[in-house]
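Trainee: I would like to see how this sequence folds:
(one chain, ligands or ions: 1)
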Amino acid sequence: HILFSRVPSHWKNPLNACLFWTDNCFSEIRGLEHCASLSHLSLAHNKISHISGLDNLPLKELCLRGNRIETIENMDTLRTLQVLDLSLNRISSLFGLQNLCLLGSINLESNQISEIKDATHIHELFLLRELNLRRNPVQVVELHLKPTHGFYQVGFLNLVSTYQIGFNTQKVSATNKYDPSMEVVAARDHMTHMVYQLMQPQVIYDSTLPSLDTPYPMLVLTGPQACGKRELAHKLCQDFSHFFAYGACHTTRGPYFGEEDGSDYHFVTEEDFQNMINMGQFIQTVQYQGHWYGLSRAAIENAARQGLACCLHMELEGAFRLKNTHFEPRYVLLLPTDKEWYAGRLMARGLYTHPQIDTALARVDTYARVNGERPGFFDRVIPCDDLVKAYKTLRHVLMEYLGEEELDGVDRSNTATPDNISTGQCLLPQPPQTTSPQVSVYYHSHPRQHLHKSVSTTTATPDNISTSQCLLPQPPQTASPQVSVYYHSHPRQHLHKSVSTTTATPDNISTGQCPCVWAVILSVVTTVKVW
Ligand SMILES: Nc1ncnc2c1ncn2[C@@H]1O[C@H](COP(=O)(O)OP(=O)(O)OP(=O)(O)O)[C@@H](O)[C@H]1O
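Mentor: Okay, here's the model as predicted:
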C-alpha cells in the first residue's frame with residue numbers, strides 16, 4: 001500500500017495540479033482529499049481494484065488504465081471530469097458514468113463490456129464525442145445506432161469485438177443529434193411513412209409478381225439537380241416504352257414554365273402534401289431547397305398496372321430513403337465531371353439563385369464521396385457532361401440489364417395471346433443470350449393485370465388470409481384473356497436484383513409442354529401480398 005498522505009504540501013494547492021503516478025503498486029487511492037486544485041491524475045498500471053478517495057476533486061482528466069477495477073463506482077461527485085481512461089481493466093458495465101455530464105471522452109478499451117444495451121447509462125452525456133470500446137466482447141452485430149441508444153450522440157465510436165483483436169479496427173461513425181447523417185434522416189423518413197401507412201385501414205394487394213419476395217422492378221436515376229437526369233428519364237420512357245413508365249413524384253414547388261401537372265410532377269400545396277403523408281401515401285419524401293418532393297405508392301402502382309417498370313429520378317437523399325424500403329431498384333448515378341460545364345448548365349436554366357447553384361455544385365462532391373465510400377451503393381455511374389453520350393451509355397447499360405441485344409425496330413405490339421401462345425406464332429421477346437432464362441406467363445385480364453389491385457377488406461383480411469377462409473379474387477370470366485410472356489431477364493424481373501424462378505422455360509413454352517398455365521396462375525393468385 002502506498003498512500004497519498006505523502007503528497008507534498010506544495011502540491012496541494014497549485015492551480016491545475018497534475019499527478020502522474022504510473023507503474024507503481026498502489027492498491028488503494030487515499031490521501032488526495034485535500035488536493036483542491038488537482039485537475040489531472042494518472043494512476044495507470046497500478047493494482048487498484050476499487051475507485052475511491054476521489055470525492056469532490058476538481059479533476060478534468062483521470063487515467064486509471066491498467067488496473068484491476070471491476071466496477072465504475074464512487075465517481076458521482078467528479079462533476080468536472082472531461083476525459084476518463086479506464087482501459088485495460090475488468091469493467092463489465094457502463095453504470096456509474098451517468099452523472100458525469102461534462103465527459104467528452106471515455107476510453108474503455110480492453111474491458112469486459114458485452115452488452116451494448118448498457119449504453120443507456122451514457123445516454124444523457126450530451127458532450128460525449130468519443131467512446132472507445134475496442135477489445136471488449138461486444139458483438140458488432142448488436143450495434144444499432146438508434147436514437148434509443150446512448151451511442152446516438154457519440155461522434156466517433158471505436159469498436160472491436162474480442163474476436164477481432166489486433167486485426168481490424170472498425171470505426172463506426174455515429175450520429176450527431178444536431179446534424180444527423182443522411183442514413184439517420186432516411187431512417188426517420190422511412191419510419192414516418194411506415195407508421196402513417198400502418199395507421200390506415202390495411203389493404204390486401206393481389207400480387208402479380210412471381211413471388212412475394214420479388215419487389216416491383218424500378219429504375220432510379222440519381223444525381224445533382226439539373227444534371228440531366230429528368231431529361232434522360234423521359235427519353236428512356238419514350239424509347240423503351242414497352243419497359244418503362246415515368247414515375248411522376250409529388251412536389252410542393254410551383255411548376256416551371258412548360259411543366260404540366262402530372263407529366264413531370266404532381267404539383268400540390270404544402271397542405272395537400274402533408275395530408276398525403278398523414279394518409280400513408282408516400283414511400284419516401286425529401287425536402288430539397290425549401291420544397292417537398294415525395295414518391296407515392298400510386299406512382300409505382302400506376303406503372304405496375306401497365307406491366308411496366310417505374311423509372312424515377314431523385315436526389316441522393318431520396319435514394320437513401322428508398323434503400324430502406326423493400327423495393328430494390330437499380331440505381332444509376334449521373335455525375336457531372338466538368339464542374340464548369342455543370343455550373344454553366346445551372347446558370348443557363350435561369351431558375352436558380354447563386355446560393356442554390358453553389359449548393360448544387362458542392363453536391364457533386366457529395367455524390368462522388370458517397371460513391372467512393374460505399375461501393376455498390378450505385379449500380380452504375382455515368383458521367384453526364386455530354387448528355388448524348390450519357391444517354392448512349394445509359395441505353396447500353398439498360399440493354400445489358402434487360403438481356404436485350406438490340407431493341408430498335410422490334411414490334412412488340414403483338415406480344416402474345418392465348419391463341420398464338422400455344423402455336424408459337426406470337427412474337428416473343430428474344431430470350432437473352434445468357435444460360436436458360438426463366439419465363440413467367442401472366443393473364444392480362446386477370447386481376448393481376450391490375451398489379452397491386454386492392455381486395456376489399458371484407459373478403460380478405462390479414463386474419464382470414466392465413467387460414468384460407470377468405471374469398472380470393474376469381475380468375476376473369478372473359479372468353480380470351482390476354483397473355484404476356486415475360487422472360488425473367490426481362491426488365492420487369494431483372495431490373496431488381498433478386499430474380500425468382502418459375503418452371504416454364506423458353507423451350508417448353510412454345511411447345512406447350514410447360515406446366516399448366518392455370519396452375520401457374522392459381523399459384524400466383526394465391527400469393528396474396530399483405531402490405
Ligand atoms: N421523390 C424525390 N426524392 C428525392 N429527390 C427528388 C424527388 N423528386 C424529385 N427529386 C429531385 O429534386 C431535385 C429538384 O427537383 P426540380 O425538379 O425542382 O429541379 P430541376 O432543376 O428541374 O432538376 P432536374 O432537372 O434534375 O429534375 C431534382 O434533383 C429531382 O431529381
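
Trainee: of all of this protein, which residue lies closest to the ligand?
Mentor: residue 318 (2.5 Å; C-beta to the nearest ligand atom). Where C-beta positions appear, they are placed from N, C-alpha and C, glycine not excepted.

Trainee: in the stretch 201-350 of the chain, where is pLDDT below threshold?
Mentor: Across the stretch 201-350 of the chain, the ranges flagged by pLDDT under 70 are 202-215.

Trainee: still on that earlier bit, so what's the residue of the chain closest to the ligand up against?
Mentor: 220, 222, 284, 286, 293, 295 (C-beta atoms under 8 Å, 6 or more residues apart in numbering).

Trainee: ok, residue 254 next?
Mentor: residue 267.

Trainee: at 10 Å instead, please
Mentor: Residue 254 makes contacts with 267, 291, as judged by C-beta atoms under 10 Å, 6 or more residues apart in numbering.

Trainee: and it, that one's in a helix?
Mentor: No: according to DSSP: H, G, I helix; E, B strand; the rest coil, residue 254 belongs to no helix; its state is coil.

Trainee: near the ligand, which residues of the chain?
Mentor: 225-227, 229-230, 249, 253, 286, 288, 293-295, 313-315, 317-318 (C-beta under 6 Å from any ligand atom).

Trainee: so of those, which ones are in helices?
Mentor: In helices, judged by DSSP state H, the following of the residues of the chain next to the ligand are found: 229, 230, 317, 318.

Trainee: out of these, who has the most neighbours?
Mentor: residue 229 (26 neighbours; other C-beta atoms under 10 Å).

Trainee: I'd say that residue and residue 331 touch.
Mentor: No: in this structure, residue 229 is not within contact of residue 331 by C-beta atoms under 10 Å, at 11.4 Å.

Trainee: overlap of the contact sets of the two?
Mentor: Joint contacts of residue 229 and residue 331 (C-beta under 10 Å, 6+ apart) are 220, 221, 222, 312, 314.

Trainee: which residues of the protein fall in helices?
Mentor: 182-199, 229-239, 270-278, 297-305, 316-322, 339-349, 354-373, 387-402, 418-423, 462-466, 491-494, 506-510, 517-525.

Trainee: TSV for these, including distance to residue 121?
Mentor: Below are those laid out as TSV (distance: least, C-beta to C-beta, whole Å):
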stretch	distance to residue 121
helix 182-199	22
helix 229-239	47
helix 270-278	36
helix 297-305	41
helix 316-322	31
helix 339-349	48
helix 354-373	32
helix 387-402	50
helix 418-423	67
helix 462-466	40
helix 491-494	49
helix 506-510	62
helix 517-525	52
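
Trainee: ok, now how distant is residue 362 from residue 343?
Mentor: Distance, residue 362 to residue 343, by C-beta to C-beta, to the nearest Å: 11 Å.

Trainee: of these two, give the one with the bigger neighbour count.
Mentor: residue 343 (16 against 11).

Trainee: contacting residues around the more buried one?
Mentor: By C-beta under 10 Å, 6+ apart, the contact list for residue 343 reads 336, 357, 358, 360, 361, 364.

Trainee: need the max-distance pair from those residues.
Mentor: Farthest apart among these by C-beta to C-beta are 336 and 358. That separation is 14.4 Å.

Trainee: look at the two and report which has more neighbours.
Mentor: residue 336 (25 against 13).

Trainee: give me phi/psi at the more buried one?
Mentor: Phi and psi for residue 336, reported as degrees, to the nearest 10, are phi -70, psi 130.

Trainee: confirm for me that it is in contact with residue 381.
Mentor: No: in this structure, residue 336 is not within contact of residue 381 by C-beta under 10 Å, at 11.5 Å.

Trainee: give me the common contacts of the two.
Mentor: With C-beta under 10 Å, 6+ apart as the test, residue 336 and residue 381 both reach 223, 367, 368.

Trainee: in a markdown table, list those along with distance to residue 48 and neighbour count.
Mentor: Shown next, in a markdown table, are the shared contacts of residue 336 and residue 381 (distance: C-beta to C-beta, whole Å; neighbours: other C-beta atoms under 10 Å):
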| residue | distance to residue 48 | neighbour count |
| --- | --- | --- |
| 223 | 58 | 28 |
| 367 | 52 | 22 |
| 368 | 51 | 15 |
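
Trainee: tell me the one of those nearest residue 322?
Mentor: For these, the nearest to residue 322 is residue 223 (14.6 Å; C-beta to C-beta).

Trainee: that closest one touches residue 387, doesn't it?
Mentor: No: the pair residue 223 / residue 387 is not scored as a contact, 11.5 Å apart, by C-beta under 10 Å.

Trainee: overlap in contacts of these two?
Mentor: Shared contacts of residue 223 and residue 387 (C-beta under 10 Å, 6+ apart): 229, 232, 334.

Trainee: for the second one, give me its contacts.
Mentor: Pointing back at residue 232 there. Counted by C-beta under 10 Å, 6+ apart, residue 232 has contacts 221, 223, 311, 313, 332, 334, 382, 384, 387, 390-391, 394-395.

Trainee: same check on the first one?
Mentor: The neighbourhood of residue 229, defined by C-beta under 10 Å, 6+ apart, consists of 220-223, 312-315, 332-334, 382, 384, 387, 390, 394.

Trainee: got it, and the last one?
Mentor: Remark: with contacts taken as C-beta under 10 Å, 6+ apart, residue 334 is in contact with 221-224, 227-229, 232-233, 313, 367, 378, 380-385, 387, 390-391, 393-394.
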